[in-house]
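Participant: Using only what follows, build the 3D model:
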Amino acid sequence: MSEIRILIVEDEPFIAQDIAAIIEGIDYEVAHIAYDAEAALAFIEKEIFDLAILDVNLGGEKDGIDIGKVLFENKHTPFIYLTSYADRKTLEKAKPTRPKGYLVKPFDEKDLFSAIEIALFNHAQEQKPVSFNLDELNDSLLANVTPKEFEIMLDLYEGKTNQQIAAKHFISINTVKTHVKNLYSKLHVQSRTDLIIWMRKKMA
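Facilitator: Residues are numbered from 1 along each chain as shown. I've put the predicted structure just below:
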């Protein structure tokens with residue numbers, strides 16, 4: 001799972017599929033689409049992903065803000081609220097869950113792309129250790145991380161996509177995926193979010 005994986009929680013199937021198409025068109029992977037809070041919470045409990053897009057109004061007993069609270073308090077996974085409602089009451093309810101973005105419908109591809117990029121970057125910066133270098137990292141590992149893998153690790157912190165990393169280092173996307181998979185193996189993690197949490201714990 002070397003791509004950035006995004007969970008979509010949206011009760012309108014047409015809108016959910018539209019979001020999925022946009023996500024897949026901008027170098028991200030759809031981890032899952034949930035059409036209600038119960039399905040979303042069941043997925044969150046068992047699966048790994050890097051970001052969630054949560055519709056606030058899901059038409060059931062629990063809404064997107066209830067899901068955001070779980071992600072904030074228990075999973076430390078970033079999320080963006082998607083809603084038709086930008087009233088003060090909804091905003092005040094949403095604020096304590098610390099969303100990384102708040103996108104109001106209707107939106108377009110550029111709006112969604114910008115919201116995702118900013119959310120991933122801000123989350124990475126919040127989790128980033130104060131200091132970290134390759135020697136310190138390899139002192140704690142059985143299999144050493146190479147200098148290039150370390151550079152790509154730092155790019156993952158910035159929330160960069162595989163395509164962005166490939167362009168920065170003048171390498172193919174497949175080569176980036178290989179480096180990322182090697183990092184996951186050496187650090188014993190399964191996702192980008194796991195990697196960020198692992199590094200933060202190492203430098204705590």
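
Participant: tell me the mean pLDDT over stretch 172-182?
Facilitator: For stretch 172-182, the mean per-residue pLDDT is 92.

Participant: buried ones in that stretch?
Facilitator: 173, 175-177, 179-180, 182 (16 or more other Cβ atoms under 10 Å). The C-beta positions use only the backbone N, C-alpha and C, and glycine is treated the same way.

Participant: next one: stretch 179-194
Facilitator: Result for stretch 179-194 [16+ other Cβ under 10 Å]: buried residues 179-180, 182-184, 186-187, 189, 191-194.

Participant: Now intersect the residues you listed with the helices, please.
Facilitator: The members of the buried residues of stretch 179-194 that map onto helices under DSSP state H are 179-180, 182-184, 186-187, 192-194.

Participant: And the buried residues of stretch 172-182, which two are furthest apart?
Facilitator: Across the buried residues of stretch 172-182, the longest distance by Cβ to Cβ is 15.0 Å; it joins 173 and 182.

Participant: Now flag whichever of the buried residues of stretch 179-194 is closest to residue 124.
Facilitator: Residue 124 lies nearest to residue 192 out of the buried residues of stretch 179-194, by Cβ to Cβ, at 8.8 Å.

Participant: isn't that closest one right next to residue 29, touching?
Facilitator: No. Checked against Cβ atoms under 8 Å, the pair residue 192 and residue 29 is beyond contact range at 11.1 Å.

Participant: Overlap in contacts, these two.
Facilitator: residue 4 (Cβ atoms under 8 Å, 6 or more residues apart in numbering).

Participant: Would you mind extracting the C-alpha trace of the strand or helix carrying residue 124 into PDB?
Facilitator: Here residue 124, judged by DSSP states H and E, is contained in helix 109-127. Extracted C-alpha coordinates of helix 109-127, given in PDB (Å, rounded to 0.1, in the frame of the first residue of the first chain):
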ATOM      1  CA  GLU A 109     -11.700  19.000  -8.500                       C
ATOM      2  CA  LYS A 110      -9.300  21.900  -7.700                       C
ATOM      3  CA  ASP A 111     -11.100  22.500  -4.400                       C
ATOM      4  CA  LEU A 112     -10.800  18.900  -3.400                       C
ATOM      5  CA  PHE A 113      -7.200  18.500  -4.500                       C
ATOM      6  CA  SER A 114      -6.200  21.700  -2.500                       C
ATOM      7  CA  ALA A 115      -8.000  20.500   0.600                       C
ATOM      8  CA  ILE A 116      -6.300  17.100   0.500                       C
ATOM      9  CA  GLU A 117      -2.800  18.500  -0.100                       C
ATOM     10  CA  ILE A 118      -3.100  21.000   2.700                       C
ATOM     11  CA  ALA A 119      -4.600  18.400   5.100                       C
ATOM     12  CA  LEU A 120      -1.800  16.000   4.500                       C
ATOM     13  CA  PHE A 121       0.900  18.600   4.700                       C
ATOM     14  CA  ASN A 122      -0.400  20.100   8.000                       C
ATOM     15  CA  HIS A 123      -0.800  16.700   9.500                       C
ATOM     16  CA  ALA A 124       2.700  15.800   8.600                       C
ATOM     17  CA  GLN A 125       4.100  19.000  10.100                       C
ATOM     18  CA  GLU A 126       2.200  18.500  13.300                       C
ATOM     19  CA  GLN A 127       3.700  14.900  13.700                       C
END
